[in-house]
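J.: Coordinates only, no sequence provided:
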């Protein structure tokens, strides 16, 4: 018998990632908007099925309170409403993803969740493969492969590879970011092969020709697995279940083929990845920092101080707000230092909630997860992208299903403080 609530959640998360499948509904221009609306519907379903008793009232109340400054701008009531929904949607989704009672209520188990995640990763890798062999997959926005930041890149013939890989997500950045989190989620579910999964994910990231996704996965990999990297030379494949072994065989064979086929392209891509960590010397980082600097002007042009913020949703993508190239900076502009502090505290608490009772602040997996997400939120406006929101929520969900015991305290709450 079909579990309707679980099916709805899975479908909403699925299509919010696979935005190419939404192009027939609204065209290229509206596919991203529709995916964002699916995230909002996911948030509404969470509220509907969970009958939320907001224990995280501090963050949610501050978001509501900071709607008041929004009326000082030339925004309609509809724009204020939709920008507010855009702001609180990831908060609701992430909070629910770390609540085992909510997941149990919808019938989401480790087994059916792993199958769902496997389908998503398989289809995205299929789209990745089709792109590399020359198939023209529809896209929302095509981003050319950059060759700067490499001594060898200028002389390389890219052949039929015309842009960075976007698979069925539609754009390269959200695809790269989403795949990073999906591989993290999969490595959490299949712990005995975590190292292999993460290394495979890093290879996929190099073959996507986007750097941020690689950096996200690399940070998680180094922090969580630094003491285990040495066992890469002693992987025990006999511990694989048959289904998992077949999955990795059919995944790694094309990866190895493309490593040798595109070794020159990968060479300069690796150079560019490590050039990213030179911070201000990197062209993209310079652009990113300049856009962040624009936030200072925005803050001081309002009647409110940096302590309080300028209003919930004024930087929302749905109303054409300035993105400042960073989610952390966006939060600082909208909610000020007070709101940013509350947000970081909330983020820390929900990730902590997804771990078991033996949790330690110095747990490498906890540090890896929270530092990876914070890094991601600092370098891009991650919570404005439906695929990234859904992928982060799937990672939190995977961690919760694997590690969390049902809490003894009030089981009705989604926001646990």
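T.: Perfect, I can see it now. Values in this document were obtained by computation on a predicted structure and should not be read as measured data.
J.: got a list of what residue 13 touches?
T.: 42, 390, 393-394 (Cβ atoms under 8 Å, 6 or more residues apart in numbering). Placement of C-beta: from N, CA and C, glycine included.
J.: element containing the most centrally placed residue in the chain, please.
T.: The centroid of the chain falls nearest to residue 388 when counting by Cα atoms, centre = their mean (3.2 Å). Taking DSSP states H and E as the definition, residue 388 sits inside helix 386-403.
J.: Stretch 16-32 - what's its average pLDDT?
T.: Here stretch 16-32 scores 91 as its mean pLDDT.
J.: likewise stretch 226-243?
T.: On average, stretch 226-243 scores 54.
J.: Test my guess that residue 85 contacts residue 40.
T.: Yes: look at residue 85 against residue 40 with Cβ atoms under 8 Å: they come within range, at 5.3 Å.
J.: State the number of residues packed around the spatially closest residue to residue 64 that is not a sequence neighbour.
T.: Of all residues not flanking residue 64 in the chain, residue 312 sits nearest, at 7.6 Å (Cβ to Cβ, 6 or more residues apart in numbering). Close neighbours of residue 312, defined as other Cβ atoms under 10 Å, add up to 25.
J.: for this structure, which spans come out with low pLDDT?
T.: Low-confidence segments of the chain (pLDDT under 70): 1, 50-56, 145-162, 227-288, 290-293, 298-305, 356-359, 404-417.
J.: three-state assignment of residue 26?
T.: helix (DSSP: H, G, I helix; E, B strand; the rest coil).
J.: hang on, I meant residue 134
T.: Under three-state DSSP, residue 134 falls in the coil class.
J.: how deep is it tucked in, by neighbour count?
T.: When neighbours are defined as other Cβ under 10 Å, residue 134 has 10 of them.
J.: Check residue 116 too.
T.: 18.
J.: Apart from its chain neighbours, what residue comes closest to it?
T.: Nearest to residue 116 is residue 10, by Cβ to Cβ, 6+ apart, at 5.4 Å.
J.: for that neighbour, helix, strand, or coil?
T.: At residue 10, secondary structure determined by three-state DSSP is helix.
J.: ok, back up a step: now the contacts of residue 13: which count as buried?
T.: Buried residues within the contacts of residue 13, counting neighbours by 16 or more other Cβ atoms under 10 Å: 42, 390, 393-394.
J.: Can you tell me which of those residues lies closest to residue 15?
T.: Closest approach between these and residue 15, by Cβ to Cβ: residue 390, at 9.2 Å.
J.: correct me, but the closest one touches residue 36?
T.: No: in this structure residue 390 lies outside contact range of residue 36 using Cβ under 8 Å: 10.7 Å.
J.: Mutual contacts of the two, please.
T.: residue 16.
J.: before we move on, the earlier item: was I right about the residue nearest to the centre of the chain contacting residue 174?
T.: Yes: counting by Cβ under 8 Å, residue 388 touches residue 174, with 5.6 Å between them.
J.: quick one, what contacts residue 71?
T.: Going by Cβ under 8 Å, 6+ apart, the list of residues near residue 71 reads residue 80.
J.: For residue 355, see how far away it is.
T.: 41 Å (Cβ to Cβ, to the nearest Å).
J.: Residue 83 too?
T.: Distance from residue 83 to residue 355, by Cβ to Cβ: 33 Å.
J.: element containing residue 117, please.
T.: Applying DSSP H and E, one finds residue 117 within helix 110-132.
J.: err, residue 374, not the other one
T.: Using DSSP H and E, residue 374 falls in helix 364-379.
J.: ditto for residue 87
T.: Counting by DSSP H and E, residue 87 is found in helix 77-97.
J.: after that helix, next one along is what?
T.: That would be, after helix 77-97 and using DSSP H and E, helix 100-105.
J.: Please point out which parts of that next one sit buried.
T.: In helix 100-105, counting by 16+ other Cβ under 10 Å, buried: 100-103.
J.: For residue 329, state which of those is nearest.
T.: Nearest to residue 329 among these: residue 102, at 30.9 Å, using Cβ to Cβ.
J.: pretty sure that closest one is in contact with residue 93, am I right?
T.: No: contact between residue 102 and residue 93 fails when scored by Cβ under 8 Å: they sit 10.9 Å apart.
J.: between those two, what contacts are shared?
T.: Taking Cβ under 8 Å, 6+ apart as the contact rule, residue 102 and residue 93 both touch residue 46.
J.: got the contact list for residue 354?
T.: Contact partners of residue 354, counting by Cβ under 8 Å, 6+ apart, are 97-98, 396, 399-400, 403-404.
J.: So of these, which two are at opposite extremes in space?
T.: The largest separation in those, counting by Cβ to Cβ, is between 97 and 403 at 12.9 Å.
J.: ok, those two, which is more surrounded?
T.: It is residue 97, of residue 97 and residue 403, that has more neighbours when counted by other Cβ under 10 Å, with 27 against 18.
J.: okay but the more buried one is in contact with residue 391, surely?
T.: No: here residue 97 lies out of contact with residue 391, judged by Cβ under 8 Å, at a distance of 10.9 Å.
J.: In the stretch 201-350 of the chain, what residue spans correspond to helices?
T.: 212-225, 242-261, 263-276, 283-301, 327-353 (DSSP state H, counting those that start in this stretch).
J.: and residue 380, how many residues sit next to it?
T.: Residue 380 has 22 neighbouring residues, counting by other Cβ under 10 Å.
J.: Neighbours of the spatially closest residue to it that is not a sequence neighbour, how many?
T.: If the residues on either side of it in the chain are set aside, residue 380 comes closest to residue 212, at 6.3 Å by Cβ to Cβ, 6+ apart. Number of residues near residue 212 (other Cβ under 10 Å) recorded here: 21.
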